[in-house]
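S.K.: after the sequence you'll find the predicted model.
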Amino acid sequence: MKDVKRILVTGANRGLGLALTEQLLSEGHVVFAAARKPESFVALQAKYPETLLPVELDMERPDSFETCFQKVQASGAPLDVLVNNAGVHLDGGNWQKNTTLEVSMATLRQTFEVNFFGLVDFTRHMLPLLNGSSDPRIVLVSSIMGSLTMHASAQGLGDIKPFAYDASKTAVNAFLVHLAHALKEGPTRVFAAHPGWVATDMGTDRAPLSPQEGIATLHKLAVGEELPPNGAFVHLDKEIPW
Ligand SMILES: NC(=O)c1ccc[n+]([C@@H]2O[C@H](COP(=O)([O-])OP(=O)(O)OC[C@H]3O[C@@H](n4cnc5c(N)ncnc54)[C@H](OP(=O)(O)O)[C@@H]3O)[C@@H](O)[C@H]2O)c1
């Protein structure tokens, strides 16, 4: 076992977040598993009683950010890695549809509340916990669907145009670029990850990758040794156009 890291994963109760949490725990890392229902980790905690620390977190409830902060802080040493994975796709079941003209403002706002505003606010709230880590990192789970270049290119994403989701991930990418600049004088490295198309509740069972395969990019950015340049938006070893 190499370096033991202390890692917080949001949306850790299912999908990619759960697969990443299980992988990190199996490697001996300490994981703060953040979820709206932390009681969902009872079975997993029986397996990892010392290293799994469930924390309550709702990306739509900023008061839960402070509770989460306090819990991590109370546990002692600094946090090494923050993985902002929680996210929603609320445009409707058909991904191959352009929802730009019809998605309601309520859906647009709620998508941004979780995927963007919550993520920005939570990240800023948690930043002081990274102070003192020898290798602090922040991983934002974005999507290729936030790439304006891919959407605008003829060979790009075609009819896959759920507007609320796509725009929220483009905003996440904007946060990444600005965050990397804001933190450039310090040790913290920040990345945005596209996991690939993964068979989760969000990705549907038509997706080609299992959650265990889909965490490869997230895992590499969180605890890997060979990293892309600071501020990069990547899938596996490849940078994705903005
Ligand atoms: N699956 C893919 O193909 C794919 C591709 C590209 C990017 N992504 C991104 O990967 C991330 C994880 O997606 P997934 O496929 O694992 O989706 P998922 O299976 O639908 O899981 C979403 C996770 O986000 C949590 N979440 C949603 N709203 C929340 C809130 N208000 N507060 C706290 N947690 C909340 C969910 O918790 P609850 O159980 O409480 O709802 C759940 O743990 C997302 O950011 C997604 O956009 C996925």
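M.R.: Nice, I can see it.

S.K.: need the three-state assignment for Glu50.
M.R.: coil (DSSP: H, G, I helix; E, B strand; the rest coil).

S.K.: how much space separates it from the ligand?
M.R.: Distance, Glu50 to the ligand, using CB to the nearest ligand atom, to the nearest Å: 23 Å. In short, each C-beta sits where N, CA and C put it, glycine included.

S.K.: how many residues are close by that residue?
M.R.: 7 (other CB atoms under 10 Å).

S.K.: need the contact list for Leu183.
M.R.: Val190 (CB atoms under 8 Å, 6 or more residues apart in numbering).

S.K.: can you show me the helices along the chain?
M.R.: For the chain, applying DSSP state H gives helices covering 15-26, 42-47, 62-74, 105-112, 119-126, 148-152, 163-182, 211-214, 216-223.

S.K.: list the buried residues in the shortest one.
M.R.: Using 16 or more other CB atoms under 10 Å as the test for burial, helix 211-214 gives 211, 214.

S.K.: using PDB, write down the CA coordinates of that helix.
M.R.: Written as PDB, here are the backbone C-alpha positions of helix 211-214 (Å, rounded to 0.1, in the frame of the first residue of the first chain):
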ATOM      1  CA  PRO A 211     -19.400   1.700 -13.100                       C
ATOM      2  CA  GLN A 212     -16.100  -0.100 -12.200                       C
ATOM      3  CA  GLU A 213     -14.800   0.700 -15.700                       C
ATOM      4  CA  GLY A 214     -16.200   4.200 -15.700                       C
END
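
S.K.: against which helices or strands is it packed?
M.R.: helix 15-26 (3 or more CB pairs under 8 Å, 6 or more residues apart in numbering; DSSP states H and E).

S.K.: please see if the helix it packs on touches the ligand.
M.R.: Yes: Helix 15-26 is in contact with the ligand by CB under 6 Å from any ligand atom, via 15-17.

S.K.: tell me which parts of the chain are close to the ligand?
M.R.: Within the chain, the positions adjacent to the ligand are 11, 13-17, 35-36, 57-60, 85-88, 114, 141, 143, 194-195, 197-198, 200-203, 207 by CB under 6 Å from any ligand atom.

S.K.: redo the residues of helix 15-26 next to the ligand as CSV? Include pLDDT and neighbour count.
M.R.: Formatted as CSV, the residues of helix 15-26 next to the ligand follow (pLDDT from 0 to 100; neighbours: other CB atoms under 10 Å):
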residue, pLDDT, neighbour count
Gly15, 98, 22
Leu16, 98, 29
Gly17, 98, 26
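
S.K.: how far away is the most centrally placed residue in the chain from Leu8?
M.R.: Ranked by distance to the mean C-alpha position of the chain (CA atoms, centre = their mean), the top residue is Asn85 at 2.2 Å. Separation of Asn85 from Leu8 (CB to CB, to the nearest Å): 10 Å.
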